[in-house]
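A.B. asks: pasting a predicted model and its sequence here:
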Amino acid sequence: MKWLTITMLFLAVLQLPVARHPTLLSIVVCVSGLLIAAQAVRSGKYPWAVGFFAIAVLFNPVVSIARSARDVLWLNGIGLAAFLTAAIALKAGPVRTVLSITSHLPRRESL
């Protein structure tokens, strides 16, 4: 989801075809911002969570904030920088599995 958002924001900064669909861009950025904020909360990085929650509010498609074309370009650039930084800094950890009772690995603890 991060890379889809980065791609869309990059195209919007360059004012390519995605800029003609601001509602679609707002939906993708808002949802992705909320997902990254949730990931940041789970990993204990609360400043990141606050920042991406603010991005989700700014790109909210339901209650949009009136902005000039210059402000939209700046917000798209700031959003692009934030999502690129998050893609590097907030890596998802490996999914841990539960050991099965039938596992071939020796156990060290009794049930």
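C.D. replies: Arrived safely, thanks for sending.

A.B. asks: can you show me the helices along this structure?
C.D. replies: For the chain, the helices defined by DSSP state H cover 2-13, 22-42, 46-58, 69-89.

A.B. asks: need those helices in a markdown table (columns: mean neighbour count and mean pLDDT).
C.D. replies: (Each C-beta comes from the backbone N, C-alpha and C, glycine too.) Putting those into a markdown table (neighbours: other CB atoms under 10 Å; pLDDT from 0 to 100) gives the following:
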| stretch | mean neighbour count | mean pLDDT |
| --- | --- | --- |
| helix 2-13 | 19 | 78 |
| helix 22-42 | 18 | 87 |
| helix 46-58 | 17 | 91 |
| helix 69-89 | 16 | 84 |
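
A.B. asks: isn't residue 12 right up against residue 74?
C.D. replies: No. Here residue 12 does not reach residue 74: they are 11.6 Å apart, not a contact under CB atoms under 8 Å.

A.B. asks: backbone phi and psi for residue 61, please?
C.D. replies: Here is the backbone geometry of residue 61 (degrees, to the nearest 10): phi -80, psi -20.

A.B. asks: list the contacts for it?
C.D. replies: By CB atoms under 8 Å, 6 or more residues apart in numbering, the contact list for residue 61 reads 23, 26-27, 30.
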